[in-house]
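In: can you look at this prediction? I've put the sequence above it.
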Amino acid sequence: MVLKLKDNPPIIWSPQFETADDAQPLWPITESLCSFTGPWWVAHTKSRNEKALAHDLVAKNVGYFLPMSFKISSIRGRKIRSLMPLFGGYLFFCGGEKQRLELLKTNRVANIIVVKDQQNLVDELAQIERALRTGVPLTPHNYVKKGQRCRVKAGPLAGLEGIVLRAKRSARLVLQVDLLGQAASVEVDLDLIEPLD
């Protein structure tokens, strides 16, 4: 089932965020996941339960980050644009033991992954969040273990760091989430990237 844009959960949500009106926007007005307080966890959801879990967490006042991007598909010759989770089967949430138990009560979670390096996860997710906020299309990408680590030096993505895969006229910057062994990528002009030592 394809949801209307307004029926999708926000990509990022926290009880402390203010919204412009009663409708849940995809993005809060000013807040970022870097302003969340408490430990981060990774929920490995049951199949195709990411958005439903996000809706449940809003109702339970549990902050989360569910990176999503638009996917265009064709159904009976008609193009459909739908918002899909960037990392299928995963949702990141923030809170203590009480919030973890609330999440388990939803019956939408297969497993909860404990995050040992909190700062590293926040740094990696902040890069994904920043890329999504610029509006550039992010696509799921195979996790890359080898390749040159680079930084975008100009433009709306300036400062993002990732592994670059070369293409004919441009490059794809791969933004990794090491804890999950997954990644997303964005197209970048080769002239806008510089290698990191």
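Out: On my side now, so go ahead. No experiment lies behind these values; they were computed from the predicted model shown.
In: quick one: contacts for the spatially most central residue of the chain?
Out: In the chain, the residue lying closest to the centroid (Cα atoms, centre = their mean) is P67, at 2.2 Å. Neighbour list for P67: 11, 85-87, 125, 128-129, 132, 138, 184 [criterion: Cβ atoms under 8 Å, 6 or more residues apart in numbering]. For every residue, glycine as well, the C-beta is placed using N, CA and C.
In: so which of those are in helices?
Out: Among the contacts of P67, the members found in helices (DSSP state H) are 125, 128-129, 132.
In: which of those residues lies closest to G38?
Out: Among those, L125 lies closest to G38 (Cβ to Cβ), at 14.2 Å.
In: can you list the domains in the chain?
Out: 1-115, 136-197 (automatic domain parsing).
In: now those in JSON lines, with mean pLDDT?
Out: Below are these laid out as JSON lines (pLDDT from 0 to 100):
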{"stretch": "domain 1-115", "mean pLDDT": "87"}
{"stretch": "domain 136-197", "mean pLDDT": "84"}
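In: now those domains in a markdown table, with distance to L121?
Out: Listed next are the domains of the chain as a markdown table, based on distance: least, Cβ to Cβ, whole Å:
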| stretch | distance to L121 |
| --- | --- |
| domain 1-115 | 5 |
| domain 136-197 | 6 |
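In: so how far is F70 from the nearest residue to V109 once chain neighbours are set aside?
Out: Counting by Cβ to Cβ, 6 or more residues apart in numbering, V109 lies nearest to A43, which is 5.0 Å off, once chain neighbours are set aside. Noted for A43: a distance of 23 Å to F70, by Cβ to Cβ, to the nearest Å.
In: same check, this time on I80
Out: On the measure of Cβ to Cβ, I80 and F70 end up 10 Å apart.
In: swap in R78?
Out: According to Cβ to Cβ, R78 and F70 sit 16 Å apart.
In: same check on N107?
Out: Using Cβ to Cβ, N107 is found at 29 Å from F70.
In: T45 pairs with what?
Out: As for beta bridges, T45 partners with V109 under DSSP bridges.
In: ok, now which ones touch it?
Out: Contacts of T45 by Cβ under 8 Å, 6+ apart are 53, 89-91, 108-110.
In: go ahead and confirm the residue nearest to V109 touches R100.
Out: No - A43 lies out of contact with R100 (Cβ atoms under 8 Å); the separation is 9.1 Å.
In: tell me which of A43 and F70 has more neighbours.
Out: A43 (27 against 12; other Cβ atoms under 10 Å).
In: any idea which element the more buried one lies in?
Out: In this structure, A43 is located in strand 40-45 according to DSSP states H and E.
In: got the buried residues for the very next helix or strand once past that strand?
Out: Where DSSP H and E defines the elements, the next helix or strand beyond strand 40-45 is helix 50-59. Using 16 or more other Cβ atoms under 10 Å as the test for burial, helix 50-59 gives 50-51, 53-58.
In: and if you look at stretch 111-121?
Out: Buried positions in stretch 111-121, judged by neighbour count with 16+ other Cβ under 10 Å: 115, 121.
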